[in-house]
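Asker: Provided below are the primary sequence and the corresponding predicted coordinates.
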Amino acid sequence: MSVSFDGLGISADLADTMTRLTSVGAQLARMIARNGLEGNLAEAAGTNAGGDGQKALDVIADEAFMDALRGGAVRHYASEEQDEVVDFGTGTLALAIDPLDGSSNIDVNVSIGTIFSIFEAADDMDASFLRPANEQIAGGYIIFGPQTALVVTFGKGVQQWVLEPGSDIWRRVADPKPLPSETSEYAINASNYRHWPQPIRAFIDDLVAGAEGPRGRNFNMRWIASLVAETHRIISRGGVFLYPGDDRDGYERGRLRHVYECAPIAMLIEQLGGEATDGADPIMSATPDRLHARTPFVFGSASKVARVAAYHDLPQDEAHALFNTRGLFRS
Ligand SMILES: O=P(O)(O)OC[C@H]1O[C@](O)(COP(=O)(O)O)[C@@H](O)[C@@H]1O
Ligand SMILES: [Mg+2]
Ligand SMILES: [Mg+2]
């Protein structure tokens, strides 16, 4: 066996599904490492249900996961790259997937990934996925970077495996540690500053003001534009990530998808003692109204996520005030 989930107390159906996911993961890792040698995995390939342009690798990854999962324990398959849920007919599980996350990084050799969420299947295809994230039985991702790694939770802590390069062998490594509750690193696409709601601007203004501002210390910023890579960094050393809603057309609820991006990441982060919200309310208890629903997303170290929520509670005039009047938030 090239991967083992022994000792984790998961069902045979779930272990079989994970084995199929990791087998495609190993295949994709080899393909990604050869990008440009035979073909171009970043070539334009169409448009998906969400209106995003698809790259060749988006489509290849989606088809590879579908082919590998069909005939196994997954009955309902929901993908960023499919308009509707695909019914495989039999099986006990429902799996939602972002087959390839971070597509804008395929051609620049920066970490990309696969995100997945698993539920017990409901009778109705849509009901399998339009439910709160706290009903997930597994959530995780595969990151394709300098190392290919699998990070997953089955509801009892978070476990991690690393792919032996050039093989199908996944070796279990040390479990990620709980997130530090305080952090000095944040991630947001600051080019959208002018479009953000006032509480998000106020929060970021105070971080950027650093030692001279109300927080009285300096902060560092990262933006990779691969949710998987941002998550892996935050799981490795803490931090906070924000993709808020903004006033661009179509971005009222941000960019990220509730079902196959935010729900599984929220589960991982909460298992590590962090928090995940839409800016104010927890992701884990929210019910998406559509398969491809978006949600504003803030996650990471608990105190930072709580602080973002506190900025949403500021009276309107205080959120607009100059940063040095917000002494309330001095850390
Ligand atoms: O380009 P932007 O607006 O900064 O958005 C980056 C975000 O978009 C995403 O790439 C969306 O994922 P996909 O590549 O699966 O569409 C996230 O991984 C990332 O956090
Ligand atoms: Mg994505
Ligand atoms: Mg994607």
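Answerer: Here it is on my side, so go on. Ligands and ions are numbered 1, 2, ... in the order given.
Asker: Show the subsequent helix or strand relative to the helix or strand where residue 28 lies.
Answerer: Residue 28 belongs to helix 12-33 when assigned by DSSP states H and E. Later in the chain than helix 12-33, the nearest helix or strand by DSSP H and E is strand 44-47.
Asker: mean confidence score for the helix holding residue 28?
Answerer: Mean per-residue pLDDT for helix 12-33: 98.
Asker: touching ligand 1 at all, it?
Answerer: No. Applying Cβ under 6 Å from any ligand atom, one finds helix 12-33 out of contact with ligand 1, separated by at least 13.9 Å. Every residue, glycine included, has its C-beta placed from N, CA and C.
Asker: on contacts alone, who are the packing partners of that helix?
Answerer: Judged by 3 or more Cβ pairs under 8 Å, 6 or more residues apart in numbering; DSSP states H and E, helix 12-33 is in contact with helix 56-69, strand 93-101, strand 112-120, strand 138-144, strand 148-153, strand 158-163.
Asker: between the ones you listed, which gets nearest to ligand 1?
Answerer: strand 93-101 (4.1 Å; Cβ to the nearest ligand atom).
Asker: What helices and strands are in contact with that closest one?
Answerer: Checking 3+ Cβ pairs under 8 Å, 6+ apart, strand 93-101 ends up next to helix 12-33, helix 56-69, strand 74-79, strand 112-120.
Asker: Now it: average pLDDT?
Answerer: For strand 93-101, the mean pLDDT works out to 98.
Asker: partner strands of it, parallel or antiparallel?
Answerer: Applying DSSP bridges, strand 93-101 is found paired with strand 74-79 (parallel), strand 112-120 (antiparallel).
Asker: and the closest residue to residue 265 other than its chain neighbours, how many neighbours?
Answerer: Leaving aside its chain neighbours, residue 265 sits nearest to residue 231 (5.3 Å; criterion: Cβ to Cβ, 6 or more residues apart in numbering). Look at residue 231: counted by other Cβ atoms under 10 Å, it has 28 neighbours.
Asker: Please point out which parts of the helix or strand hosting residue 231 sit buried.
Answerer: If you go by DSSP H and E, residue 231 is part of helix 227-237. Buried residues in helix 227-237, counted by 16 or more other Cβ atoms under 10 Å: 227-235.
Asker: For the protein, which element, helix or strand, carries the lowest mean pLDDT?
Answerer: The least trusted helix or strand in the chain, going by mean pLDDT, DSSP states H and E, turns out to be helix 316-320, with a mean of 68.
Asker: just to revisit the earlier point, sort out which residues of the helix or strand just after the helix holding residue 231 are buried, please.
Answerer: Sequence order places strand 240-243 as the next helix or strand after helix 227-237, per DSSP H and E. By 16+ other Cβ under 10 Å, the buried positions in strand 240-243 come out as 240-243.
Asker: So which elements touch strand 240-243?
Answerer: Against strand 240-243 (3+ Cβ pairs under 8 Å, 6+ apart) you get strand 185-187, helix 198-208, helix 227-237, strand 297-300, helix 302-313.
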